[in-house]
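Peer 1: Give me coordinates for this.
(chains A and B)
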Amino acid sequence: MRHIWVIAKNTLKLEIRDKILYGIIVFGFLYVLFTLFMADLVLKELPMVRSFGLTGMYFFNAIIALFLGTTSFFKDVDRKVVYFILSKPVSRAQFLIGKFIGLCLVLFLTTAILAVAYIGLILYEHGGFDALGLLAIAMQYIEMTLFIAFAIFVSTFSTSLLSIVYTSGVFFLGHVVSSILDDAKTVGITGIKYKLVEILYYIFPNLEKFDARNLAVHDLTMPFAVFGLALAYAAVYIVLLLSAAVWIFDKKEI
Amino acid sequence: MMARAGIFPKLIVLILLLGGIVGLQFSYDRAKPIGIASVSGGLTPGMVRTFDLGFHSAAASFAWIPTMPEILDLFRNRAEYLSDLAFVNAVDPKLSYPYAFSVLTLPAVPKRAFPDAVKNAMEIGLRGLANADADWRIPYYMAMNYYLEMKDKKNAQLYFDVAARTPGVPGFAARFSLNFGIGSNERVKTKQLWETIRDTTNDDFAKARAQAYIDRLDMFDYLEAAAVVYKRKYGTYPVTPEDLVSKKIIPEVPQDPFGFTFIINSDGTAGIDLEKLPAYLLSAPQQ
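Peer 2: The predicted model follows:
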């Protein structure tokens, strides 16, 4: 456990020195400022201001998660850090789990920074604390940790560029597969085609369950059971992805 | 050549290039053809909902920004506003503002430009009441349209009542809605309309609500009749309803079903104290 924590801390330190990360955060901040302008365009309607703010937060967090998840592992390989660490009494599983926790910590910091900007924006525009918005941000964070786990998993057998492609693809599919399944039902698609979509629906990370944004925008709360199931889904999926990553990484010659 | 030059010439070159970019953009904006494209750009709401990664509210809000000013095009017989509004509503049916905005604004379009403006406004309002987040503005503006545009006081009363019961209704709107038509010169008509509603509805809640309005109008009549008795005895109208109790003309001041405080005006008519809001309205946003 101590080894995992040391690797996590080290990952955190390494990543927060990265200038690209700061660049993304600055753009995130600029977007929040831009939302102030957008708020005027929609006559400061709270649901619309919330939706703009949460959308910006989500996309910048997704970019950060994609950037962290798909580059961190390869940076360690390029800088030979991975050889140095694995020459110590540290298992490959500890290394990957440490990396995952470290990246989640970086993401937590960036999410917290953007969340403060968002909460400040709503406070400025409407004079109220957006607790439901904060819940939506928390759910986004959980989704992003799953996203990072997937990126780490892909990184163990792929190249940096392909990791970005695969992870982005899963991100997109993870969001649209629920709607596609609904549409298929509506249109009346049955048989093998429908089964194929259904298989995708159950096997691929289904990210729609972490979407509390539309609920927050309309002042609706997420039922506790749904929230709990989403958390459990994320936890199990992350364990699965990291286990598979460890298994592949163990087999890999480095 | 650039490498040997000093910082100043480089800066000049960069500024000139930037100026060129700004100039080109300016020229482009002047040269581009003016046309109004539909906000949907050929997409169907279903497609947007499938591929917007769950951002239905944001997608609808973004689509609403160019839709809102299109209402002005209705003055020029261009009806893109209605189709684009339908698109926004379909992408996120719960987003209430587009409905409220349309109900309020559409009746302002002259009939010669858009003869069905009021009819459309009311249909949009009904769509909003059925699908959107609870937003007092939709029934409130519908009630205003019924009263001012359609001269239909019965429906105006009904929708003002819906507005008054909507969570988050500001104090001023609730006060106006609950006290619509209580003036002594219009009370008889208001009461008749509530009686019609009570006697024709099958909805128990609506029946009880109509009865509460009728009871309240009876209370005004009761207080005014007592004030006349008071004047006959003492030569002047009472200053407050409590004067009627202290002089044993009535046993007690009736309780307003909506929580307002009754007053007696100097001409003996009964009304409500507009300064004293009921406790449940004090917690509502005051504007």
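Peer 1: For the chain, which helix extends over the most residues?
Peer 2: Answering for chain A, as no chain was given. When chain A is scanned for its longest helix (criterion: DSSP state H), the result is helix A:92-126.
Peer 1: look at chain B instead
Peer 2: When every helix of chain B is counted residue by residue (DSSP H), the longest turns out to be helix B:204-234.
Peer 1: Do a quick rundown of the helices in the chain.
Peer 2: As the question left the chain open, I've gone with chain A. Secondary structure of chain A (DSSP H): helices located at A:2-15, A:19-41, A:46-78, A:81-86, A:92-126, A:131-155, A:160-187, A:191-203, A:213-217, A:224-251.
Peer 1: wrong one, chain B
Peer 2: Counting by DSSP H, one finds helices in chain B at the ranges B:7-31, B:45-51, B:56-67, B:80-91, B:97-105, B:117-131, B:137-144, B:153-165, B:171-178, B:187-200, B:204-234, B:241-246, B:279-282.
Peer 1: What is the burial count for B:Thr261?
Peer 2: 16 (other Cβ atoms under 10 Å in any protein chain shown). Just so you know, the C-beta spots here come from the backbone N, C-alpha and C atoms, and that holds for glycine as well.
Peer 1: same deal with A:Leu146?
Peer 2: 22.
Peer 1: Was I right to think it contacts A:Pro205?
Peer 2: Yes: applying Cβ atoms under 8 Å as the test, A:Leu146 and A:Pro205 come out as touching, 5.8 Å apart.
Peer 1: Touching both of these two, which residues are there?
Peer 2: Counting by Cβ atoms under 8 Å, 6 or more residues apart in numbering or on different chains, the shared contacts of A:Leu146 and A:Pro205 are A:Tyr237.
Peer 1: contacting residues for the nearest residue to B:Tyr140 once chain neighbours are set aside?
Peer 2: The shortest distance from B:Tyr140 to any non-neighbouring residue, by Cβ to Cβ, 6 or more residues apart in numbering or on different chains, is to B:Ala163 (3.8 Å). With contacts defined as Cβ under 8 Å, 6+ apart, the neighbours of B:Ala163 are B:Trp136, B:Arg137, B:Pro139, B:Tyr140, B:Ala143, B:Val169, B:Ala173, B:Ala174, B:Ser177.
Peer 1: can you check B:Arg216 too?
Peer 2: Residues near B:Arg216 by Cβ under 8 Å, 6+ apart: B:Ile182, B:Asp256, B:Pro257, B:Phe258.
Peer 1: doesn't B:Asp215 make contact with the third one?
Peer 2: Yep, that's B:Pro257 we're talking about. Yes: the criterion here is Cβ under 8 Å, and B:Pro257 meets it with B:Asp215 at 6.0 Å.
Peer 1: before we move on, the earlier item: and the helices of chain A: which comes nearest B:Ile124?
Peer 2: Evaluated over the helices of chain A, closeness to B:Ile124 peaks at helix A:46-78, with 17.4 Å, by Cβ to Cβ.
Peer 1: what's that closest one packed up against?
Peer 2: When contacts are defined as 3 or more Cβ pairs under 8 Å, 6 or more residues apart in numbering or on different chains; DSSP states H and E, helix A:46-78 packs onto helix A:2-15, helix A:19-41, helix A:81-86, helix A:92-126, helix A:131-155, helix A:160-187, helix A:213-217, helix B:56-67.
Peer 1: can I get those in JSON lines with mean pLDDT and distance to B:Lys119?
Peer 2: Rendered in JSON lines, the data for the helices and strands packed on helix A:46-78 read as follows (pLDDT from 0 to 100; distance: least, Cβ to Cβ, whole Å):
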{"stretch": "helix A:2-15", "mean pLDDT": "87", "distance to B:Lys119": "60"}
{"stretch": "helix A:19-41", "mean pLDDT": "84", "distance to B:Lys119": "29"}
{"stretch": "helix A:81-86", "mean pLDDT": "82", "distance to B:Lys119": "70"}
{"stretch": "helix A:92-126", "mean pLDDT": "92", "distance to B:Lys119": "34"}
{"stretch": "helix A:131-155", "mean pLDDT": "93", "distance to B:Lys119": "37"}
{"stretch": "helix A:160-187", "mean pLDDT": "85", "distance to B:Lys119": "31"}
{"stretch": "helix A:213-217", "mean pLDDT": "88", "distance to B:Lys119": "30"}
{"stretch": "helix B:56-67", "mean pLDDT": "91", "distance to B:Lys119": "20"}
